[in-house]
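In: Pasting the sequence and the predicted coordinates here, then a few questions.
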Amino acid sequence: MEMKEIIEKAWEDRSMLSNPEVQNVINTVIEELDKGRLRVAQPNEDGTWTVNDWVKKAVIMYFPIRKMETIECGPMEFYDKMALKTGYEALGVRVVPHAVARYGAYLAKGTILMPSYVNIGAYVDSGTMVDTWATVGSCAQIGKDVHLSGGVGIGGVLEPVQAAPVIIGDGAFLGSRCIVVEGVRVGKEAVLGANVVLTASSKIIDVTGPEPIEYKGFVPDRSVVIPGTIPKEFASGTYQVPCALIIGKRKPSTDLKTSLNDALRENNVSI
């Protein structure tokens, strides 16, 4: 039986988790994720993504077959079911204390982890910086040369199993305290200003043209995005609720930070 078929059968019949052969398959899936040879989601040539639900199921079933144990790291001690990622020097990954990545998360060569956290099933591609106190949730897919600034929160998605993971495109820049969750996809080289919050239901409104264009769950490539509000009617009256505003496009002639500053200045928005 192929790994996928075994995982699907065990998902429907959890009594199979006591079978050593099934446990071996689950362990193999996690190792493949850790090495980057298998992904929870993979890009297609047409720009779409394919989500491998069976891989997420394997990650979920990995928890009950693991036993709690004490993990000692110098003077620090942890007590958990999940092992920590190791071998950073051989991987070519810079890890600053107190950054933590779980075994089963893939970190490509050239990744930099400031004091931060990367969960199991995540895929972080080369040249990306996960800055101080940023978190990369379970199964999130982070592209090449991405900058996740201080305090950025990338949501994880193991349940519901059918939900798509958060996907951040190559070259994207996420400003401090941005939150991206619930399978939202951020396009290549997009720039999110500080405190932008994107959920599956968030309205993302392009205000650069004569008429607004609304997106949900997706930020187009090279967009410059800031927090905004829109009025919404409630029983007790009209109130402002959060949204995200696309106020421009990143200029090819400038880097990410300069692009963001220029776009804000051009639109009379405080920096």
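Out: Noted; the coordinates are in hand. Just so you know, these numbers come straight off a predicted model, no measurement behind them.
In: residue contacts, residue 71?
Out: 77-80, 83-84 (CB atoms under 8 Å, 6 or more residues apart in numbering). For every residue, glycine as well, the C-beta is placed using N, CA and C.
In: Would you tell me what the next helix or strand after the helix or strand hosting residue 56 is?
Out: Assigned by DSSP states H and E, residue 56 belongs to helix 53-62. Per DSSP H and E, the first helix or strand lying C-terminal to helix 53-62 is strand 69-73.
In: For the next helix or strand after that next one, what is the distance to the chain centroid?
Out: Stepping forward along the backbone from strand 69-73, the first helix or strand reached (DSSP H and E) is strand 76-80. Here strand 76-80 is found 25 Å from its chain centre; the criterion is CA atoms, centre = their mean, to the nearest Å.
In: Could you pull up the mean pLDDT of stretch 33-50?
Out: Throughout stretch 33-50, pLDDT has a mean value of 94.
In: circling back: for the contacts of residue 71, which entry has the maximal number of neighbours?
Out: Among the contacts of residue 71, residue 83 has the most neighbours (other CB atoms under 10 Å), with 16 neighbours.
In: ok, the closest residue to it other than its chain neighbours - contacts?
Out: Excluding its sequence neighbours, the residue lying closest to residue 83 (CB to CB, 6 or more residues apart in numbering) is residue 103, at 4.1 Å. Each residue near residue 103 by CB under 8 Å, 6+ apart is listed here: 30, 34, 82-86, 120.
In: residue furthest from the geometric center of the protein?
Out: residue 236 (36.9 Å; CA atoms, centre = their mean).
In: Could you tell me the model confidence score at that residue?
Out: Per-residue confidence at residue 236 stands at 97 (pLDDT).
In: rewinding a little: can you lay out the contacts of residue 103 as CSV showing distance to residue 138?
Out: CSV is the format used below for the contacts of residue 103 (distance: CB to CB, whole Å):
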residue, distance to residue 138
30, 12
34, 13
82, 11
83, 15
84, 15
85, 14
86, 19
120, 6
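In: Closest to residue 192 out of those?
Out: The nearest member of these to residue 192, counting by CB to CB, is residue 120 at 24.9 Å.
In: so that closest one is in which element?
Out: Assigned by DSSP H and E, residue 120 falls within no helix or strand.
In: ok, now residue 4?
Out: Element membership for residue 4, per DSSP H and E: helix 3-12.
In: Pull out the buried positions in that helix.
Out: 3-4, 6-7, 10-11 (16 or more other CB atoms under 10 Å).
In: if I pick residue 251, what's in contact with it?
Out: Contacts for residue 251 were tallied using CB under 8 Å, 6+ apart; they are 258-259, 262.
In: Check what pLDDT it gets.
Out: pLDDT, residue 251: 83.
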